[in-house]
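S.K.: Any chance you can model this:
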Amino acid sequence: MERVIIAGSRGLIGTEITKYLKSYNITYDVIELDLQLGHDLNDEGFVKDWFSKNKADYLINLFALNDHVNKDRDDVVQDLFNFTLESFKNYLDVNIVSLFSVCREFARNNKIGSIINFSGLYGLVSPQPAMFPTNKKHVGYCVSKAGVVLLTRYLATHLAPNIRVNCLVPGGVLHKQPEDFLKEYGSRVPMGRMMNVSELNGIIKYLCSEDSSYVTGSVFNIDGGWTTI
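M.R.: Now for the predicted structure:
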């Protein structure tokens, strides 16, 4: 049985992937790592101690700071000229610094293995202003998610051949967004809709197997074609 650590196991995508991999109860032993379980991945001391005690074959990094679209989003006007520098730093601290810490401690404590990082659509292309008429997507989120791509490539290069590192770039995931946002999003993507969270399961299964034994440093866009136009 292969062990999989899911960092960020209680979020929207993490919950789905945790449930999916646990369904293969003969194949995978899933270890959950999440703030809701009392695991503070921003604490380097905790990260070092935890990974020294928890060896695994695979690490899936889903934890991140994000500013989700929901019905309350436009209650506060937020744009390029009033994002605070503190909020910008918070995105970098969680989405890049803590991610690097987690990846490094996994690599330090496992002689072989595979890491799957998650970037995001707006780590590759800028959010379109019309999609966020009042409360703009936070620049810190976008810059940090762009950094995940390069961090993945750096780690893939320096940890090869024993540890493979790849990156998934999902498009928007359907989850209680307002109808007007769903309509606007659908009109801008070739597939005409947002992604269902279960549509990431297949590629996770591929990367958590020997079927991907020669795959490292790759960035997989799973965005319904958004970045093709």
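S.K.: immediately after the longest strand seen in the chain, which helix or strand?
M.R.: Assignment by DSSP state E gives strand 163-170 as the longest strand of the chain. Next in sequence after strand 163-170, counting helices and strands by DSSP states H and E, comes helix 179-188.
S.K.: What residues sit buried inside that next one?
M.R.: 181, 184, 185 (16 or more other Cβ atoms under 10 Å). (Each C-beta comes from the backbone N, C-alpha and C, glycine too.)
S.K.: Can you give the contact residues for that helix?
M.R.: The contact list for helix 179-188 (Cβ atoms under 8 Å, 6 or more residues apart in numbering) reads 69, 128, 130, 131, 172, 174, 177, 192, 193, 194, 226.
S.K.: average model confidence for the longest strand of the chain?
M.R.: Mean pLDDT, computed over strand 163-170, is 98.
S.K.: which residues touch it?
M.R.: Around strand 163-170, the neighbours that count as contacts under Cβ under 8 Å, 6+ apart are 13, 103, 106-107, 110, 112-121, 123-124, 148-149, 152, 155-156, 159, 195, 200, 203-204, 207, 212-213, 215-223, 227.
S.K.: next one: stretch 218-228
M.R.: 119, 121, 124-125, 149, 152-153, 166-171, 188-195, 199-200, 203.
S.K.: Repeat that for stretch 6-24.
M.R.: Defining contact as Cβ under 8 Å, 6+ apart, one finds that stretch 6-24 is touched by 4, 28, 30-37, 41, 59-64, 102, 118, 170, 173, 175, 197-198, 200-201, 204-205, 208.
S.K.: Which member of the buried residues of helix 179-188 is positioned nearest residue 82?
M.R.: residue 181 (21.7 Å; Cβ to Cβ).
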